[in-house]
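>>> missing the sequence, but the structure's below:
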């Protein structure tokens, strides 16, 4: 398919515009622009002169030539450049940025390489001046994370960033293809959707502004917005508004928890994908929407950035990563809370704490259930009412249960949570009273008062999805700029 | 192109899964799922039985039949339903939600309509019970905005939400097609990128948590993250980190200003698209990237949701909307600050305030320049150093200027701002000293110390883009949940 910009830009504009590609190839009659990935995949540039820009990721000195591996950020493989010893600049080191010209030729391994004519070091890199990464060394994730501003230059993190980009795009395409409308739910909100109190509160930094905007009796936190304002913990309530107009809606964006957790599965700022669907009558439709999303994202990543995914499998070990092909072929298992309780109870000697009936599953229980399910995802449905939020719909056949689901996966345990929403006006009124939320959520009741429809939906931790498929032990390594207790660098 | 989910889900899964479509059509040998938009565009469902779900947007009583307009959120046109008077339920009113079955047939206007067999009112809507919108009435945007939880049910806002979705998707596809990698820049940050002090500061809402996490001498705002933490005003500095590893990066997400502005162009939380490009040597490449983005987004919207765009043109008046076809055919004008200063100075009697040479343009000046340019976008380049941020690159030929650009458009004035970034280490050290930023931005200097490359980029206000093309007077009507001083409902 021809990109839209190809259709609408004139050729003078286009040539300036395409300079964002880091490889310019001179054919007999025209010029084309490529990335390192394009050069490897298409090979039509072989035999032609090229100008190339990028970063030096390895320098190997041989008898007559120096070989460098050049990275332009487009994929995990590097372009090999052959430089005659006589023209090697002194400051051509690991980590430096360069501009090169030469000819693209096949090498003995049948890969393309650049045989150099000319080279210019744009920005040198002297490791001894404090650059934290040295050539041919590998570093722990904990070490690399200390240099958050240089971390994207490591091979594994640059793969992570491309996969993250590809996964988000796959998610947008999936929902768009199904007719869902993306709704930008707000970060700033006067609600605490989950009611857990683990929220950040905001105010202007300027005390002058707070004085100017406040009224007598107001706290500084109330001055700017005429009330307390928090960072969102979930966009669900806002999606429910939109679902009652647009039918099918979703979002993908940052959410926040003010929680003093040092777990490898929690961040203070993390991304969540959420979807909400109108006219939904059974939880099974929500389960299929989740299964379709996860499989579509996995398949799309294999279609668009398999090399990056394979780098993770190689680095983290096959046994720690999800087997994507196996996943794609297997329908996800569904089981009830009561059944999985029995399974856990029958294996109670395996756990540090026994599970009491009606209690939430611990991470240990969740991971056990996944292992017990051949390491494949498992939907747990029909949860006890007492351990789930107020908005979940009472079960048709058992009032002690709600129509809720958790999706459990390898490495992280809970990846998604969803439910049908309570749509009965009177039931919801009494639930809001029990949870002391009636004053704040009058608008939520009004959604049911006028043109009401049953809705349901789910949320998926976006970093946890990446942890599952890539076997990433620590969630801090699944996001470019992690924030956690006592850490908000840059 | 076959969607990925069609390839990977088995047929049992798919049929559950596709229930998210609101129209189910029974063909002789199979069932297919549609939206109202699909039904209008394909017409292959004519003559077949269908089950339909949606909201009643108009009720017209005729002699033998009642006609309703049914909305499923998929586009601005409604599906007409013909209901024999004898079967009309009493509570079938404007605003109610319904489930219908019947036959899809062509009507006299050659549109598809549903001739009803059966109807069920799922959720009634009694306007007298406090529903703020009545049939056949139009309301001011200020009035509608008071009912933010019901506002997406109005025709114009549901069009806005679809266009917003389409515009974001077009943006992702544009950058993805050019090989850019999306980077999720953080909302929480210890920087104030623009240095204007108009930031929100965050802390946990729980005083108990603040006591537990703080150390002696710390303010409550420093306890959680070991330092003051703000909501981001721009992702640019973070994109510069990533551009030096990935080559080409972009973002689209919420940014924040703690500013007591009641202007029709400002929000406390708004969306910004930003891009950053490595190895860029002239501002012109950045200009072309901006022009390509805006034209691609406009063309894609005309390809995917022209009906929604036309609704805005009809509602807001053609003279207030951008002429998209004109825009697509015209290369954007480029002019220097010095030149546009002269143009403004030559027309000084038109303005409430004269422009002093070296000062920023006011909104009045910006809008005048666009009008003077035949209502087409105009790039203003080469700005005085003193009125632009520290990170912009000194002009090659004139040290009193920086390589910066503002893109001015109808309705809003400034739509985008961009620049080449100062990449000279020593120049940047002295600039940081002047702005008293050396302590906080050591990491920003290190980006230049190791493997440095010249970079440049721009930011575009996403709501302002929608205001430009749709002629929306107030930015609060270009976002689903607007936040502004003294207003953070829901």
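Good, I have the coordinates. Keep in mind it's a predicted model, so treat the numbers as computed, not measured. Residues are numbered from 1 along each chain as shown, chains lettered A, B, ... in the order given.
>>> show me where the stretch 51-200 of chain A has helices.
Assigned by DSSP state H, counting those that start in this stretch, the helices in the stretch 51-200 of chain A fall at A:141-145, A:155-177.
>>> export the ones you listed to JSON lines and tack on mean neighbour count, mean pLDDT and distance to residue A:217?
For the C-beta atoms, the positions are set from N, CA and C on the backbone; glycine is no exception. Output for the helices of the stretch 51-200 of chain A, formatted as JSON lines (neighbours: other CB atoms under 10 Å in any protein chain shown; pLDDT from 0 to 100; distance: least, CB to CB, whole Å):
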{"stretch": "helix A:141-145", "mean neighbour count": "14", "mean pLDDT": "97", "distance to residue A:217": "45"}
{"stretch": "helix A:155-177", "mean neighbour count": "21", "mean pLDDT": "97", "distance to residue A:217": "44"}
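>>> out of the ones you listed, which is closest to chain B?
helix A:155-177 (4.3 Å; CB to the nearest CB).
>>> anything in that closest one near chain B?
Yes. Contact of helix A:155-177 with chain B (CB under 8 Å from any CB of the partner chain) involves A:157-158, A:161-162, A:164-165, A:168-170, A:172-174, A:176-177.
>>> low-confidence stretches in chain A?
A:1, A:11-12, A:192-196 (pLDDT under 70).
>>> what is the burial count for the residue lying closest to residue A:231 once chain neighbours are set aside?
Counting by CB to CB, 6 or more residues apart in numbering or on different chains, residue A:231 lies nearest to residue A:256, which is 3.9 Å off, once chain neighbours are set aside. Look at residue A:256: counted by other CB atoms under 10 Å in any protein chain shown, it has 22 neighbours.
>>> over to the one 10 residues further on?
By other CB under 10 Å, the residues close to residue A:266 number 18.
>>> within the helices and strands, which one has it?
Following DSSP states H and E, there is no helix or strand that holds residue A:266.
>>> next, give phi and psi for it.
Here is the backbone geometry of residue A:266 (degrees, to the nearest 10): phi -130, psi 140.
>>> out of the helices of the stretch 51-200 of chain A, which is closest to residue A:38?
Closest to residue A:38 of the helices of the stretch 51-200 of chain A is helix A:155-177 (CB to CB; 14.3 Å).
>>> related to what we said a few turns ago, out of the residues of helix A:155-177 next to chain B, which comes closest to residue A:417?
Closest approach between the residues of helix A:155-177 next to chain B and residue A:417, by CB to CB: residue A:174, at 18.9 Å.
>>> once you drop chain neighbours, what's closest to that closest one?
Once flanking residues are discounted, residue A:174 sits nearest to residue A:296: 4.6 Å by CB to CB, 6+ apart.
>>> is it true that the one you found touches residue B:13?
No. Applying CB atoms under 8 Å as the test, residue A:296 and residue B:13 come out as separate, 11.9 Å apart.
>>> ok, the two, which is more surrounded?
Neighbours were tallied for residue A:296 and for residue B:13 using other CB under 10 Å; the higher tally belongs to residue A:296 (25 against 19).
>>> quick one on the thing from earlier: so the residue nearest to residue A:174 is in which element?
Using DSSP H and E, residue A:296 maps to helix A:283-304.
>>> what does the helix or strand following that helix rub up against?
Later in the chain than helix A:283-304, the nearest helix or strand by DSSP H and E is helix A:306-316. Here helix A:306-316 makes contact (CB atoms under 8 Å, 6 or more residues apart in numbering or on different chains) with A:75-77, A:155-156, A:159-160, A:162-163, A:166, A:301-302, A:321, A:324, A:469-473.
>>> now helix A:306-316: buried residues?
By 16 or more other CB atoms under 10 Å in any protein chain shown, the buried positions in helix A:306-316 come out as A:308-309, A:311-313, A:315-316.
>>> ok now it, how far from the chain's centre?
Helix A:306-316 has its C-alpha centroid displaced from the chain centroid by 16 Å (CA atoms, centre = their mean, to the nearest Å).
>>> moving C-terminal of that helix, what's the next helix or strand?
Following helix A:306-316 in sequence, per DSSP H and E, is helix A:324-329.
>>> hmm, that next one touching chain B?
Yes. For helix A:324-329 and chain B, the contact criterion (CB under 8 Å from any CB) is met by residue A:328.
>>> that helix packs against which elements?
Contacts defined by 3 or more CB pairs under 8 Å, 6 or more residues apart in numbering or on different chains; DSSP states H and E place helix A:324-329 against helix A:283-304.
>>> and the angle for the helix it packs on with helix B:155-177?
30 degrees (axes from the mean of the first three to the mean of the last three CA atoms, to 10 degrees).
>>> hang on, residue A:466 packs against residue A:165?
No. Using CB under 8 Å, residue A:466 is not in contact with residue A:165; the gap is 11.2 Å.
>>> between those two, which contacts overlap?
Counting by CB under 8 Å, 6+ apart, residue A:466 and residue A:165 have no shared contacts at all.
>>> ok now the one helix or strand residue A:32 maps to, how far from the chain's centre?
Secondary structure from DSSP H and E places residue A:32 in strand A:31-34. Here strand A:31-34 is found 31 Å from its chain centre; the criterion is CA atoms, centre = their mean.
>>> that strand near chain B anywhere?
No. For strand A:31-34, no contact with chain B is found by CB under 8 Å from any CB; the gap never falls below 9.3 Å.
>>> packing partners of that strand?
The contact analysis (3+ CB pairs under 8 Å, 6+ apart) places strand A:31-34 against strand A:23-26.
>>> can you tell me what sits against the strand it packs on?
A:31-36, A:38-39, A:45, A:48-53, A:72, A:104.
>>> report the buried residues of the helix holding residue A:296.
When burial is assessed from 16+ other CB under 10 Å, helix A:283-304 yields the following buried residues: A:283-301, A:304.
>>> swap in stretch A:260-273?
Using 16+ other CB under 10 Å as the test for burial, stretch A:260-273 gives A:260, A:265-273.
>>> go on, stretch A:44-57?
For stretch A:44-57, the neighbour count (16+ other CB under 10 Å) marks A:45, A:50-57 as buried.
>>> centre of the chain versus stretch A:390-410, how much separation?
Worked out by CA atoms, centre = their mean, stretch A:390-410 lies 26 Å from the chain centre.
>>> now swap in stretch A:360-372 and tell me
23 Å.
>>> and for stretch A:171-188?
Put simply, stretch A:171-188 sits 15 Å off its chain's centre (CA atoms, centre = their mean).
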